[in-house]
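Enquirer: the following block contains a protein sequence and its predicted model.
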Amino acid sequence: MKYKYMLDCETTAIDLVNMTLFFLVCLLDQQSWQTQIQGGSRQSPIDIRSSESVHDPQLTPLSISYDPSDCLQIWNNGYSFLVEFDDSKDNSVVSGGPLENHYKLKQFHFHWGAENNRGSEHTINSLVYPAELHLVHWNAEKFRTFDEAIFSENGLAVIGVFLKLGRKHDGLQKLVNALPAVKYKDSTVEFSNFNPSCMIPSCLDYWTYPGSLTTPPQTESVTWVIMKKPIEFGDDQLSAFRSLLFTPFGEKLENMVDNFRQQQPLMNRVVRATILQ
């Protein structure tokens, strides 16, 4: 997710303040963004307590449609590796469920641990998974650009998918094979014809709650959709994630592991569910 801003005649003072805030927050070091608790009331991630979630019969199944030809490149941004998509068209979108509008896919990325007993940002009844996938979408009906949506209520929708160790994930292997090319921070490689639908569980039950981005700028603009069922991937595939580096070429090597943020208080939020646990 390369955050780029273009100043034009429609840029407002609020836009400039938001941009300044964004770049200041992005100067936080690795430890700061992971542990700092912001002053907001809807920060992420959280521990989802299934017994305390509210079954909402009004929640419909998600409608997910991704076009593999929209896949552009992989980028190591120093927090994770991002697989970026062309969002100039309406080919890769999600709608339904808790979403009132359709949201375009911008990128997806993962969080994982140095050991198998940690890695996911969200947890279910304190159960931790070794990795978590985030598919990041923006509200293309209410906002002109992704950059505008980041700072706006209902601007983003993120689908979270847990990964557990088990059988090798055949669909994920193409991505794993490309990771050596983005070992270092700020490296990119062209990556095309990949359909992230292969990483969506066959069971589409989910929890949903209002939250924030878990990496800078940590804005409270996200509708989270956390899939109930995990997908499986192999030990070798997780090892490939751990072989990446937080640091640029030529600097001290720092393996990209434990790239998850600490959990935040639920406060007065309600977690809704498509099923009653």
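Expert: Looks like it arrived, so ask away.
Enquirer: quick one: residues contacting Ile64.
Expert: By Cβ atoms under 8 Å, 6 or more residues apart in numbering, the residues touching Ile64 are 94, 159, 197, 200. Every C-beta, even on glycine, is put in place using the N, C-alpha and C of the backbone.
Enquirer: hey, what's it bridged with?
Expert: In this entry, Ile64 is beta-bridged to Val94, by DSSP bridges.
Enquirer: so what's the residue count around Ser65?
Expert: Ser65 has 13 neighbouring residues, counting by other Cβ atoms under 10 Å.
Enquirer: need the pLDDT of it.
Expert: Here the pLDDT value assigned to Ser65 is 98.
Enquirer: how about the contacts made by it?
Expert: By Cβ under 8 Å, 6+ apart, the residues touching Ser65 are 91-94.
Enquirer: just checking, Thr274 touches Tyr206?
Expert: Yes. The pair Thr274 and Tyr206 qualifies as a contact (Cβ atoms under 8 Å) at a distance of 5.7 Å.
Enquirer: give the residues shared as contacts by those two.
Expert: Listed as contacting both Thr274 and Tyr206 by Cβ under 8 Å, 6+ apart are 97, 228.
Enquirer: if we can go back for a sec, among the contacts of Ile64, who's most crowded?
Expert: When neighbours are taken as other Cβ under 10 Å, the top entry among the contacts of Ile64 is Ile159 (26 neighbours).
Enquirer: ok, back up a step: quick one: which of the contacts of Ile64 is nearest Arg269?
Expert: Distances from Arg269 to the contacts of Ile64, taken as Cβ to Cβ, are shortest for Ile159 (18.2 Å).
Enquirer: what's the nearest residue to that closest one if we skip its chain neighbours?
Expert: Nearest non-adjacent residue to Ile159, counting by Cβ to Cβ, 6 or more residues apart in numbering: Leu135, 4.3 Å away.
Enquirer: quick one: that neighbour from His169, how far?
Expert: 15 Å (Cβ to Cβ, to the nearest Å).
Enquirer: tell me which of these two has more neighbours.
Expert: Set side by side, Leu135 and His169 show more neighbours around Leu135, with 26 against 17, by other Cβ under 10 Å.
Enquirer: give the other helices and strands that the helix or strand the more buried one falls within contacts.
Expert: Using DSSP states H and E, Leu135 falls within strand 131-139. For strand 131-139, the packing partners by 3 or more Cβ pairs under 8 Å, 6 or more residues apart in numbering; DSSP states H and E come out as strand 93-96, strand 99-112, helix 146-150, strand 156-165.
Enquirer: what sits against Asn268?
Expert: For Asn268, the contact set (Cβ under 8 Å, 6+ apart) comprises Ser41.
Enquirer: which one of the helices and strands packed on strand 131-139 lies closest to Gly119?
Expert: Per Cβ to Cβ, nearest to Gly119 of the helices and strands packed on strand 131-139: strand 99-112, 4.2 Å.
Enquirer: and the contacts of the very next helix or strand once past the closest one?
Expert: Using DSSP H and E, the next helix or strand after strand 99-112 towards the C-terminus is strand 123-124. Identification of contacts with strand 123-124 by Cβ under 8 Å, 6+ apart yields 45, 47-48, 50, 129, 162, 263.
Enquirer: again, 7 Å this time
Expert: 47-48, 50 (Cβ atoms under 7 Å, 6 or more residues apart in numbering).
Enquirer: highest neighbour count among these?
Expert: Highest neighbour count within those, by other Cβ under 10 Å: Ile48, with 23 neighbours.
Enquirer: for the stretch 151-277 of the chain, what spans make up the helices?
Expert: 170-178, 235-242 (DSSP state H, counting those that start in this stretch).
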